[in-house]
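**Q** How does the following fold in three dimensions:
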Amino acid sequence: MVRITVGGLISAGHDVVVISTKPGFGLSVEQSQKLKVYRFRPLNLFYYLNDHKHNIVVRLIWHFLDMFNLSSALTVRKILINEKPDLVITHNLMGLGFLIPNAIFACGIKHIHVLHDVQLAVPSGLILKGKENDFSADSFLTKLYARFCRNLFIKVQAVISPSQWLLNFHSQKDFFPKAKKLIIPNPTSLNPASRQKDVRTNKYLFIGQLEKHKGIEWVLNIWRKNYIKDELFIVGDGTMELDASDINAQIIGKAQGEEVNKIFAQADFLIVPSLCYENSPTVIPLAYKNATPVIVADIGGAAELIYEGRTGFKFEAGNEQSFLLALEKAKVLPLTEYTAMSKNCLEETKEFSVEKYISEIIILSNNLKAVQYAGID
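**A** Numbers count the residues shown, from 1 in each chain. Now for the predicted structure:
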């Protein structure tokens, strides 16, 4: 998302500064004509992307230090004072530090925060269906964490959410009470397919992390249990080692770019079977760009991207019979209706254009009032 946004801003004629992290210590700067990238390692117990190497106690201490990482906030503040941007757009700040919104406010700069998941209310950023009240999602520690985050992000001027569900989730937990709120779908930078599909292959596609919460193991078990003969392509990687040797499924592994487009060309439908509350999976706009309808679990914000019977079908997350019914709808769909659905997907891609996304960000920025307090001379 950051890469796509940066590219869109540069194409629109803006100079862009990116602040990110790196595993090594020290501040590094990369400069090109329209882009400058700062990278540093925030002071903490370990580097964010190495969290899987540590136990829960160490991770809890890390989270506390990350929330109140003064060193990181001062580093960002120094960069902002030097660069003097007109607008700061923040994305997930976990790993950089949650004092950064205060640093932006202290510099007197307009600030838009882009939501991607529930990490400000649930540290893992993950809520599983049927486990909404579990310790990780609803314990007193989680509620205390959310209370701290609400206060740390209270000075954000505007919030962009890709889905109504995610915006509602944060509003119900009293996040961003004073901020302007806007729903803008995540953009995709890929060019759409040249035309709709006019043949059926009886093949389906999954693209995503090979993790239990993404539902691919659940789908494989349904394929196996119901002796489904249609072929299933599985693209992605993760911690799960899947076995599909006894069913008509092909585990392709990680794929990118043109290779993904070629796989899409072979499939009738993309399947998004998540067992967790999704925000707005980028794989759905990717499917639309490839003229491919979607069968999606109706959980979180994912199903907001699907128009039932027009660009795909929805089913109840984790419900086998509901999923089989959606598969049957897809299977018996006449070719003429399938081709029309494929065409609808292509038409829907205009909602995910980078140009539209950047235009809405600039309009939002122009409508923000100048920050009244600045903590610098």
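**Q** Go ahead and measure how far the worst-scoring helix or strand of the chain on mean pLDDT is from the middle of the chain.
**A** Of all the helices and strands that make up the chain, the one with the lowest confidence by mean pLDDT, DSSP states H and E is helix 135-138; it has a mean of 83. Helix 135-138 has its average C-alpha position 21 Å from the chain's average C-alpha position, going by CA atoms, centre = their mean, to the nearest Å.
**Q** Show me what that helix packs onto, helices and strands only.
**A** Helices and strands touching helix 135-138, by 3 or more CB pairs under 8 Å, 6 or more residues apart in numbering; DSSP states H and E: there are none. Where you see a C-beta, it was placed from the backbone N, CA and C, and this is true even at glycine.
**Q** CA atoms only: put stretch 64-76 into PDB for me.
**A** Provided in PDB are the C-alpha atoms of stretch 64-76 (Å, rounded to 0.1, in the frame of the first residue of the first chain):
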ATOM      1  CA  PHE A  64       4.900  -1.600  26.000                       C
ATOM      2  CA  LEU A  65       8.200  -0.100  24.900                       C
ATOM      3  CA  ASP A  66       6.900   0.200  21.300                       C
ATOM      4  CA  MET A  67       3.900   2.100  22.400                       C
ATOM      5  CA  PHE A  68       6.000   4.700  24.400                       C
ATOM      6  CA  ASN A  69       9.100   4.700  22.200                       C
ATOM      7  CA  LEU A  70      10.400   8.200  22.800                       C
ATOM      8  CA  SER A  71      13.600   7.600  20.900                       C
ATOM      9  CA  SER A  72      11.700   6.700  17.800                       C
ATOM     10  CA  ALA A  73       9.300   9.700  18.100                       C
ATOM     11  CA  LEU A  74      12.300  12.100  18.500                       C
ATOM     12  CA  THR A  75      14.000  10.600  15.400                       C
ATOM     13  CA  VAL A  76      10.800  11.000  13.400                       C
END
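**Q** Please report how far M240 lies from E231.
**A** Spatial separation of M240 from E231 under the definition CB to CB, to the nearest Å is 20 Å.
**Q** Comparing the two, which residue is more hemmed in?
**A** Each of M240 and E231 had its neighbours counted (other CB atoms under 10 Å), and the higher figure belongs to E231 (18 against 14).
**Q** Leaving out chain neighbours, which residue sits closest to that one?
**A** Closest residue to E231 apart from its sequence neighbours, by CB to CB, 6 or more residues apart in numbering: K203 at 4.5 Å.
**Q** Geometric centre of this structure: which residue is closest?
**A** Centrality entry for the chain: nearest residue to the mean C-alpha point is H116, 4.7 Å, by CA atoms, centre = their mean.
**Q** List the residues that contact it.
**A** For H116, the contacting residues are 1, 91-92, 162, 279, by CB atoms under 8 Å, 6 or more residues apart in numbering.
**Q** Roughly how far does it sit from S171?
**A** Relative to S171, H116 is positioned 16 Å away (CB to CB).
**Q** now swap in L65 and tell me
**A** Shown here: L65 relative to S171, a distance of 28 Å by CB to CB.
**Q** These two - which one has more neighbours?
**A** Under the criterion of other CB under 10 Å, the comparison of L65 against S171 puts L65 first, with 17 against 14.
**Q** name the element that one belongs to?
**A** In this structure, L65 is located in helix 56-67 according to DSSP states H and E.
**Q** which residues touch that helix?
**A** Contacts of helix 56-67 (CB under 8 Å, 6+ apart): 42, 44-46, 48, 51, 54, 94-95, 97-99, 123, 141, 145, 148-149, 152.
**Q** Helices of the stretch 151-300 of the chain, start to end?
**A** Along the stretch 151-300 of the chain, counting by DSSP state H, counting those that start in this stretch, helices occupy 164-172, 216-225, 258-266, 283-289.
**Q** Likewise for the stretch 1-150 of the chain?
**A** With DSSP H, counting those that start in this stretch as the definition, the stretch 1-150 of the chain shows helices at residue ranges 2-11, 56-67, 70-83, 100-106, 135-138, 140-152.
**Q** In the second one, which residues are buried?
**A** Of the residues in helix 56-67, those with enough neighbours to count as buried (16 or more other CB atoms under 10 Å) are 59, 62-63, 65-67.
**Q** Ok, the last one next?
**A** The neighbour-count check on helix 140-152 (16+ other CB under 10 Å) flags 142, 145-146, 149-150, 152 as buried.
**Q** picking up where we left off before, need the winner for burial among the helices of the stretch 151-300 of the chain.
**A** The densest packing among those, expressed as mean neighbour count by mean count of other CB atoms under 10 Å, is seen in helix 283-289 with a mean of 25.
**Q** CA-only coordinates of that helix in CSV, if you can.
**A** Included here for helix 283-289 are C-alpha records, laid out as CSV according to Å, rounded to 0.1, in the frame of the first residue of the first chain:
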residue,chain,number,x,y,z
VAL,A,283,-6.4,-10.0,-3.6
ILE,A,284,-10.0,-9.1,-4.4
PRO,A,285,-9.2,-6.0,-6.5
LEU,A,286,-6.4,-8.1,-8.0
ALA,A,287,-9.0,-10.7,-9.1
TYR,A,288,-11.2,-7.9,-10.6
LYS,A,289,-8.2,-6.7,-12.6
